[in-house]
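Asks: Structure for the following, please:
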Amino acid sequence: MKRTNFSSIVVVLIFVLGGVLHASTTNIVSQDIAVSEQAPAINQNGADLALWWTEDYNYNYQFYLRFNYAFGDLSDATISLYLTDIYSNKEPGSDLNSTVTVYGLTDGSAGESFDETAMTWNNKAPLGTALFTQDIIFNNTPIKGKFPVGEWVDFQSEELANFIMASTNNIVSFAFVITGGDSWTKYYFTPRTWGKPAKLVTVEDEVTMGSITVVK
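Replies: Here you go, the predicted structure:
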């Protein structure tokens with residue numbers, strides 16, 4: 001009977017996992033309020049709608065957000081607002097165009113810790129530093145005879161992430177101001193007491209994976 005000799009077999013498996021692992025965190029807004037020059041002494045928190053309006057009738061409107069969370073070293077950050085109940089003097093089906101400037105309230109200031117139940121136009125927090133300006137386009141095509149149900153609008157920039165990382169007290173607050181675009185347009189954002197509150201999504205880089213060698 002012929003005998004077969006088998007030499008030892010060495011199998012080398014090399015797995016290379018490149019790139020960087022990312023961890024994202026979704027932070028829900030802790031305070032949100034709109035203030036109106038049209039009603040400068042009235043706190044609008046009880047309306048349960050965060051109104052954001054263009055400069056119609058020579059009045060101004062500003063919208064404030066506050067987040068109370070701990071943040072690490074970020075590679076990216078996005079503020080998401082749910083836009084709904086849009087009113088405009090433009091024909092249905094038109095694109096509504098607005099230019100929005102996002103401000104970061106001064107770190108450690110009293111205004112950064114604003115109270116949504118007390119803020120009015122008369123005592124509103126200073127805007128702080130202009131972080132970035134962004135254009136938004138919203139189509140007002142009616143659905144079944146009504147305005148669109150709504151959609152998420154994202155605000156994102158490198159300056160936003162840098163501002164958050166510079167926080168020394170785990171509080172970051174922002175003001176949104178329409179600085180250009182179509183007039184005669186109203187925007188509403190669902191407040192934190194509703195089903196789709198504002199979100200701050202932060203992305204943090206984790207460890208870089210190298211090569212894993214398995215020898216059998």
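Asks: what residue is smack in the middle of the protein?
Replies: Central residue of the chain (Cα atoms, centre = their mean): I79, 0.6 Å from the mean position.
Asks: so how far is N122 from it?
Replies: The spacing between I79 and N122, counted by Cβ to Cβ, to the nearest Å, is 26 Å. Any C-beta I mention is one placed from the backbone N, CA and C, and that applies to glycine too.
Asks: coming back round to it: L65 is in contact with the residue nearest to the centre of the chain, correct?
Replies: Yes. Judged on Cβ atoms under 8 Å, I79 makes contact with L65 at a distance of 7.1 Å.
Asks: in stretch 122-130, what's buried?
Replies: Neighbour-count burial for stretch 122-130, counted by 16 or more other Cβ atoms under 10 Å, picks out 124-125, 127-128.
Asks: got it, and stretch 76-87?
Replies: 76-86.
Asks: next one: stretch 159-172
Replies: Result for stretch 159-172 [16+ other Cβ under 10 Å]: buried residues 160-161, 163-164, 167, 171-172.
Asks: one step back: mind telling me what element the residue nearest to the centre of the chain is part of?
Replies: strand 76-88 (DSSP states H and E).
Asks: ok, the following helix or strand past that strand: who's next to it in the sheet?
Replies: Using DSSP H and E, the helix or strand that follows strand 76-88 in sequence is strand 95-104. Strand 95-104 sits in its sheet next to strand 129-139 (antiparallel), strand 171-181 (antiparallel), going by DSSP bridges.
Asks: Just say which of those is most tucked in.
Replies: Comparing the strands paired with strand 95-104 by mean neighbour count (mean count of other Cβ atoms under 10 Å), strand 171-181 ranks first with a mean of 20.
Asks: So for I79 and L65, which residues contact both of them?
Replies: 174, 198, 200 (Cβ atoms under 8 Å, 6 or more residues apart in numbering).
Asks: Pick the one among those closest to N139.
Replies: Closest approach to N139 among the shared contacts of I79 and L65 (Cβ to Cβ): A198, at 21.4 Å.
Asks: ok, now which ones touch the closest residue in space to the closest one that isn't next to it in sequence?
Replies: Spatial nearest neighbour of A198, excluding adjacent residues (Cβ to Cβ, 6 or more residues apart in numbering): V29 at 4.1 Å. Applying Cβ under 8 Å, 6+ apart to V29 gives the contacts 65-67, 192, 197-200.
Asks: Using TSV, please lay out the shared contacts of I79 and L65 together with distance to E116 and pLDDT.
Replies: Compiled in TSV, the shared contacts of I79 and L65 are given as follows (distance: Cβ to Cβ, whole Å; pLDDT from 0 to 100):
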residue	distance to E116	pLDDT
F174	13	97
A198	12	94
L200	16	95
